[in-house]
Every structure is written in structure tokens, then in C-alpha cells.
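Asks: this is a predicted model, with the sequence first.
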Amino acid sequence: IGAGPTGVEFASELRDFVEQEGPRYYPQLLQFIKIKIIEASPTVLAPFDRNLQAAAIDALTRRSIVGDEAQSLDLTELLLDSGVSEVSTDAIRLADGREIPYGLAVWAAGNGPLPITLQLIEELGAGAQSEAQSVARGRLAVDPWLRVLGGDGSIFSLGDCSCAVANQLPATAQVAGQQGSYLARLLARCRLPEDGAPPARRPDAPVSVADAVTGFTTGTNTVAAPFQFLNLGILAYTGDGSALAQLQLTPSEGARVKGTGKIGFGLWRSVYLSKQVSVRNRVLVLFDWAKTRVFGRDITRI
């Protein structure tokens, strides 16, 4: 349920498993398998450009050739413009009244706010936080330095539970990772006033490019630079050794490197490897990929 990057990648990996390992382990069950991707919007992978969305739909809806007998199956079905109103123990009810029976349902359409987040919003009471909820909608509204509005500068929020009202950002790991790095630098290098004033950079703290730009625009060298998201691009695996890659070189929409199919798959795996924290991890990941390619997935048959 959900055709964002998480839902599409899970469905693609599951279809790969059925196509590659199903004939070996569960040949008698192949005729009963159907993967349905349910999405409330009219397309998949909303963050991607339209031509990449079309390529994803083509990849997801291709017919699968399974087994030694080259059996042709429609394993994947896309249900667009299909909002979900209820998920019971054995069926999914759509907004238009249709019911879809299921054996396994995976929710990939986003999470609701945690109780602690809602409790904090309520505790902050009337004021800037309450007024910002028309946009934040259950998330903690923050200022440019990721301070929670109404928290007197003593509460910070990042990731999915936060919302920059003036410049809303996607709820992705890329955003949360950059926010975490930013907050670590802010807490280490700046003084944090409790009167709502901007954080002040300590005199002995190193000056970054962002700090220099902030100093030039504000006319002072003491104000800390606000958080600035750097969009590095987005990736999504679409199955059968193909992927979509949309890499952002500059803020301009025209400066995007796009790749589909095997080229996109190469970019996707290159970025995945580069994000590993050590050479050891990179070697282990490469070894796992090679082992799976040669011997298939290592699974336990139940």
C-alpha cells in the first residue's frame, strides 16, 4: 500500500524473489501469487520527473517469465487513484467500496504522528506552534534553525516529526541525515539563546561557507547559518536489474542526471556502495551481491 520509493522497491524485490527463487522453492504456488500496488494518487514515485514515473510503470507492469517452462504471468498489478479506507485482517477496503482480499499487506504510505509528538504539540499550547498546525498537520513546526516553535529555543526537532513551515521538505532519510549533521554542528559551535533570538556562533568556532554567506546577508558575523537542504537526488529500484536515478547537480531543474534501466541500476548501486561507512562494509556488500548472483538467495524453506 503506497507507491512511493519504499513501496515500489519492496514490490520490485518481492517480484524478483518470485521470478528467480519461486520456481526452485515453491513451483506449486506460483499460480496463486499476485502483487498489487495500491496508490491514492494518479501516478507512482511522486518525487520523480514524469518520464521516470512512466518508465517505472512500464517496469512494474511488464509480464514475468517464470520457471523452466517459461510460464508468462502478470505478477504485478497497479491500482492508481485508489485510496485505502480500511485494512482488516483479511481484506483491504478501498475508498470506492471495493474490497481486495490479501495474504500479506505491507503499509508503505507513510506514518501518522507518534503520541509523544501530539502530546508535545498540545503541551506547547496556543501560540506560534498552534497557528502553524494548519500546515504542519501533526508534526512539530520548526524555525530555520530547527527549533520547535513555542519551545523558547530549548527544543529541537528533525526528520519525519518536524515541519519547516516556510520551506517544507520531503520526509526522507536524506533530509533527516542532513538535519542531524546540521544540529550536531549547531550544538557544538553555537550559543543557544532562550529568548527566541537566532543562535550565535562562538568566536572560536570555525567559519563555514554557509556561515560566511549568512554573515554577509545579515551584516553580522555572529548569527549561525540556518539549515539548508542540499538535494543530492533520488533513486528507486524497479526490479529485474533495473532502477531509476535522478541526481541533482545544481538547484536548477535542468541540471539533473537521469538514468533508467541498467544505467539507473549502475548509478543506484554505486550510490549505495558509497554510503557504506567503511571499506569492510563495502567488501561485504559486494560479496553478498556476487554470492546472490551466482548461487541465488540464501533462504530458509518453511
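Replies: On my side now, so go ahead. Just so you know, these numbers come straight off a predicted model, no measurement behind them.
Asks: helices along the stretch 101-250 of the chain, start to end?
Replies: Under the criterion DSSP state H, counting those that start in this stretch, helices of the stretch 101-250 of the chain are mapped to 115-124, 128-136, 173-189, 209-218.
Asks: and the second one, what's its mean pLDDT?
Replies: Think helix 128-136. Averaging pLDDT along helix 128-136 yields 91.
Asks: so where's the stretch 51-200 of the chain shaky on pLDDT?
Replies: The stretch 51-200 of the chain contains residues with pLDDT under 70 at 67-71.
Asks: that one: strands as residue ranges?
Replies: Using DSSP state E, counting those that start in this stretch, the strands of the stretch 51-200 of the chain run over residues 64-66, 71-73, 76-79, 84-87, 91-94, 99-101, 140-142, 162-164, 190-191, 200-201.
Asks: residues contacting V18?
Replies: Shown in contact with V18 (C-beta atoms under 8 Å, 6 or more residues apart in numbering): L30, I33, I35, S64, V66, L75. The way it works is simple: take the backbone N, C-alpha and C, and place the C-beta from them, glycine included.
Asks: would you turn those residues into TSV with neighbour count and distance to Q174?
Replies: Formatted as TSV, the contacts of V18 follow (neighbours: other C-beta atoms under 10 Å; distance: C-beta to C-beta, whole Å):
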residue	neighbour count	distance to Q174
L30	17	37
I33	16	33
I35	18	27
S64	21	31
V66	20	35
L75	21	30
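Asks: okay, the residues you listed in TSV with distance to R185 next?
Replies: Shown next, in TSV, are the contacts of V18 (distance: C-beta to C-beta, whole Å):
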residue	distance to R185
L30	53
I33	49
I35	43
S64	48
V66	51
L75	47
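Asks: can you tell me which of those is nearest I155?
Replies: I35 (42.5 Å; C-beta to C-beta).
Asks: now do the contacts for the residue nearest the centre of the chain.
Replies: Relative to the mean C-alpha position of the chain, the nearest C-alpha, by C-alpha atoms, centre = their mean, is the one of T172, at 3.8 Å. Applying C-beta under 8 Å, 6+ apart, we find T172 in contact with I234.
Asks: before we move on, what about the one 4 residues further on?
Replies: Contacts were defined as C-beta under 8 Å, 6+ apart; by that measure A176 touches L158, G159, D160.
Asks: at 10 Å what do you get?
Replies: A176 sits next to L158, G159, D160, C161, S162, L169 when contact means C-beta atoms under 10 Å, 6 or more residues apart in numbering.
Asks: show me which pair in these is furthest apart.
Replies: Comparing all pairs in the contacts of A176 by C-beta to C-beta, the longest separation belongs to C161 and L169, at 12.6 Å.
Asks: neighbour count winner among the two?
Replies: C161 (22 against 16; other C-beta atoms under 10 Å).
Asks: distance of F156 relative to L114?
Replies: 16 Å (C-beta to C-beta, to the nearest Å).
Asks: compare those two (neighbour count), which wins?
Replies: F156 (18 against 12).
Asks: can you pull up the bridge partners for the more buried one?
Replies: Assessed by DSSP bridges, F156 has beta-bridge partners R147.
Asks: could you do C190 as well?
Replies: Here C190 sits in beta bridges with R201, as judged by DSSP bridges.
Asks: what sits against it?
Replies: Going by C-beta under 10 Å, 6+ apart, C190 touches W145, P198, P199, A200, R201, R202, A205, D211, T222, V223, A224, A225.
Asks: go on, Y182?
Replies: When contacts are counted by C-beta under 10 Å, 6+ apart, Y182 touches W145, L146, L158, A210, A224, A225, P226, F227, Q228, F229.
Asks: return the item of those residues having minimum pLDDT.
Replies: A210 (73).
Asks: wait, what's in contact with the nearest residue to that residue once chain neighbours are set aside?
Replies: Excluding the flanking residues, the one nearest A210 by C-beta to C-beta, 6 or more residues apart in numbering is A225, at 3.7 Å. Contacts for A225 (C-beta under 10 Å, 6+ apart) come out as 144-145, 182, 185-186, 190, 198-199, 201, 207-215, 217-218.
Asks: I appreciate the help and will end here.
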